[in-house]
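Colleague: pasting a predicted model and its sequence here:
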Amino acid sequence: QKEVEQDPGPLSVPEGAIVSLNCTYSNSAFQYFMWYRQYSRKGPELLMYTYSSGNKEDGRFTAQVDKSSKYISLFIRDSQPSDSATYLCAMSGASGGSYIPTFGRGTSLIVHP
Amino acid sequence: SAVISQKPSRDICQRGTSLTIQCQVDSQVTMMFWYRQQPGQSLTLIATANQGSEATYESGFVIDKFPISRPNLTFSTLTVSNMSPEDSSIYLCSVATGSTNEKLFFGSGTQLSVL
């Protein structure tokens, strides 16, 4: 079992839809949970990060962490064609004093007009 | 935040040759990371490079194949040595801010194709 599981998609939705992207993990030591967005031929860019459990909102984006279920989600409201990208979850926790993130394989999102 | 300039952006190389990828950061950072991203796969950490010390390699990656230099706090290079088609991938450099690396900033990547 991989430490972080993420469905690669692709996930295709119409413009304006609510998008739900998810990851599960197995390492209970993870404390930081991040979402990165990666456009084609670009490096990943940090969208949001959350410490421990709970919700965090930033504009149209909401990140949720449920540590009891080892499950994290990213919701995108009113999705736009410009949101079409690959979304990678990442998580980290103290391991020998280091917090090197572990990434999911990414979910490809396509928002069509 | 940090702005990272990575070059080359892409290259096509012959089997058996070597390619050096450069990464320049606009601010001084302690830790730099080198990742590999293969199609449909998650980012795989190759090594962590700290200024003034030898890089720390992850399981499956060795210094002879992926030598790294870190001459100062704003610059690093990764060399892919004696390349084979299996080395075809995207290579990314990254820097972390914050004591717990929760914010990683990435270069735009180097797309490497080995014939």
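Modeller: Received, thanks.
Colleague: look up how far A:Ala17 lies from the residue in chain A that chain B sits nearest to.
Modeller: Distances between chain A and chain B by C-beta to the nearest C-beta are smallest at A:Gly43, namely 3.2 Å. Every C-beta, even on glycine, is put in place using the N, C-alpha and C of the backbone. Computed with C-beta to C-beta, to the nearest Å, the distance linking A:Gly43 and A:Ala17 is 27 Å.
Colleague: what number of residues lie near residue 30?
Modeller: All of this is about chain A. By other C-beta atoms under 10 Å in any protein chain shown, the residues close to A:Phe30 number 24.
Colleague: wrong chain, I was asking about chain B
Modeller: Counted with other C-beta under 10 Å, the neighbours of B:Thr30 add up to 13.
Colleague: that one reaches B:Asn72, doesn't it?
Modeller: No. Assessed by C-beta atoms under 8 Å, B:Thr30 is found out of contact with B:Asn72, at 11.6 Å.
Colleague: interface residues of chain A facing chain B?
Modeller: Listed as neighbours of chain B in chain A under the rule C-beta under 8 Å from any C-beta of the partner chain: A:4, A:6, A:8, A:31-32, A:34, A:36, A:41-46, A:49, A:51, A:88, A:90, A:92, A:98-106.
Colleague: just the ones of the residues you listed in strands?
Modeller: If you go by DSSP state E, the residues of chain A next to chain B have A:4, A:32, A:34, A:36, A:45-46, A:49, A:51, A:88, A:90, A:92, A:102-103 in strands.
Colleague: Produce a PyMOL select command limited to the buried residues of those.
Modeller: In PyMOL, a selection of the buried entries from these looks like this (16 or more other C-beta atoms under 10 Å in any protein chain shown):
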select buried, chain A and resi 4+32+34+36+46+49+88+90+92+102+103
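Colleague: possible to save the ones in strands among the residues of chain A next to chain B as JSON lines with pLDDT and distance to B:Cys93?
Modeller: What follows is these, written out as JSON lines (pLDDT from 0 to 100; distance: C-beta to C-beta, whole Å):
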{"residue": "A:Val4", "pLDDT": "92", "distance to B:Cys93": "21"}
{"residue": "A:Tyr32", "pLDDT": "90", "distance to B:Cys93": "21"}
{"residue": "A:Met34", "pLDDT": "94", "distance to B:Cys93": "18"}
{"residue": "A:Tyr36", "pLDDT": "96", "distance to B:Cys93": "15"}
{"residue": "A:Glu45", "pLDDT": "94", "distance to B:Cys93": "14"}
{"residue": "A:Leu46", "pLDDT": "92", "distance to B:Cys93": "15"}
{"residue": "A:Tyr49", "pLDDT": "88", "distance to B:Cys93": "20"}
{"residue": "A:Tyr51", "pLDDT": "87", "distance to B:Cys93": "26"}
{"residue": "A:Leu88", "pLDDT": "96", "distance to B:Cys93": "16"}
{"residue": "A:Ala90", "pLDDT": "94", "distance to B:Cys93": "16"}
{"residue": "A:Ser92", "pLDDT": "88", "distance to B:Cys93": "18"}
{"residue": "A:Thr102", "pLDDT": "89", "distance to B:Cys93": "18"}
{"residue": "A:Phe103", "pLDDT": "93", "distance to B:Cys93": "15"}
